[in-house]
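A.B. asks: coordinates only, sequence not included:
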Ligand SMILES: NC(=O)c1ccc[n+]([C@@H]2O[C@H](COP(=O)([O-])OP(=O)(O)OC[C@H]3O[C@@H](n4cnc5c(N)ncnc54)[C@H](OP(=O)(O)O)[C@@H]3O)[C@@H](O)[C@H]2O)c1
C-alpha cells in the first residue's frame, strides 16, 4: 500500500531516508522550519501525511510532536535509539525506526540493521519498508523498558564511538614511539577492519589474537612498560586486556599457568 510520508527536519538521517522512501515508491513531503523550494512548514507537511517522521535532534522530538496537530489515522515515527516512544505521545500511534549506523556524507541506509519498535498493527508494514530499503529489520521489545533502551543504545555507542576511543589510545602510543602521528590511523584502521571481518566470520572469541591470546606475557609486560615510559595512563589497556583474556579463555588456547601470569599482569594497580 502506497502511503504519503512527511519527513520533518532535513538533517543527515532525513537525507538518507527521503531517497530510500522515494525509491521504494512512497510519496514524500518535506517539512522544515525554513522551507526551501518544494518544501513545506512542518505543520503543513504533517497535515498531508499518513506517516510523520520526526527526524529532528533527539532532544527536540517531544517538542516537535507537541507542536503538530494529529489526526486519528496518523502514525508518528522517530529514528532515535535513545528516545522512548512516549516522546511522541501527542500522536495517536507511535513507532521507532532506528537505523544502527552513523550517517556521514552520501552514505545510504542499505545493509545495516534497523531497530523497529512498533505495535503489532504497524510492525509488519515497518518490517516490509525496512526490507524495501535493503535494511535488516530487528524487532525490539514493545514496550521497551528504560533500562533495555539504555543498554541497547549504549551497545550501539560502544560499537561506534567506543572503537574511536580505542583508536585514539592506539594513536597516542604510536606517537609515543616516535612515529608520524598522521600515519597512525591509515596504518591501524585496516587492523580494526581485519579483526571485525574475522569476528563476523568466526565470532569474537575466534577472532581475538595478539600476545594475550597467545599467552605471551613478556610482550604484554613490554607493552605496559612502553605506556609507563611515555607517561600514558594504563587503565584502558588493562581493562581491554582483561576482556581479551576472557575471550581467549573461551577458545581453550591458554593453559592454567599462562592465565595466572596474564591475570597478574593485567590486575588493576
Ligand atoms: N545521523 C545518524 O547517523 C543517525 C543514525 C541513526 C539515527 N539517527 C537519529 O535521527 C534523528 C535525526 O538525526 P540527524 O543526525 O539527522 O540530525 P541532524 O543532522 O542534526 O538534523 C536534524 C534536523 O532537525 C532540524 N532541527 C535542528 N534543530 C532543531 C530544533 N531545535 N527544533 C526543531 N528542528 C530542528 C533541522 O532540520 P531543518 O533545518 O530542515 O528544520 C536539522 O537538519 C535523531 O533522532 C537521531 O538520533 C541519526
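C.D. replies: Looks like it arrived, so ask away. Just so it is clear, the structure is predicted and the values come from calculations on it, not from any experiment. Numbers count the residues shown, from 1 in each chain.

A.B. asks: Give me the neighbour count for residue 28.
C.D. replies: 20 (other CB atoms under 10 Å). Backbone N, C-alpha and C define where each C-beta goes, glycine included.

A.B. asks: Does it fall in a helix, a strand, or a coil region?
C.D. replies: For residue 28, the secondary structure call by DSSP: H, G, I helix; E, B strand; the rest coil comes out as strand.

A.B. asks: Next: residue 76.
C.D. replies: strand.

A.B. asks: How about residue 47, nearest residue that isn't a chain neighbour?
C.D. replies: residue 69 (7.2 Å; CB to CB, 6 or more residues apart in numbering).

A.B. asks: Report pLDDT for the one you found.
C.D. replies: We have a pLDDT of 98 for residue 69.

A.B. asks: tell me which residues of whichever strand or helix holds residue 152 are tucked away?
C.D. replies: Here residue 152, judged by DSSP states H and E, is contained in helix 146-157. Across helix 146-157, burial judged by 16 or more other CB atoms under 10 Å covers 149, 152, 153, 156.

A.B. asks: so residue 40 bridges to which residues?
C.D. replies: residue 31 (DSSP bridges).

A.B. asks: middle-most residue in this structure, spatially?
C.D. replies: The residue lying closest to the centre of the chain (CA atoms, centre = their mean) is residue 156, at 3.8 Å.

A.B. asks: gap between that residue and residue 102?
C.D. replies: For residue 156, the distance to residue 102 equals 10 Å [CB to CB, to the nearest Å].

A.B. asks: I figured the residue nearest to the centre of the chain hits residue 81, correct?
C.D. replies: Yes: assessed by CB atoms under 8 Å, residue 156 is found in contact with residue 81 at 5.8 Å.

A.B. asks: Now do the shared contacts for the two.
C.D. replies: Common neighbours of residue 156 and residue 81, using CB atoms under 8 Å, 6 or more residues apart in numbering, are residue 100.

A.B. asks: And the pLDDT at residue 139?
C.D. replies: On the pLDDT scale, residue 139 gets 94.

A.B. asks: Spell out which residues sit in contact with it, please.
C.D. replies: With CB under 8 Å, 6+ apart, residue 139 has these contacts: 116, 123, 127.

A.B. asks: go again using 10 Å as the cut-off
C.D. replies: 114, 115, 116, 117, 118, 123, 126, 127, 130 (CB atoms under 10 Å, 6 or more residues apart in numbering).
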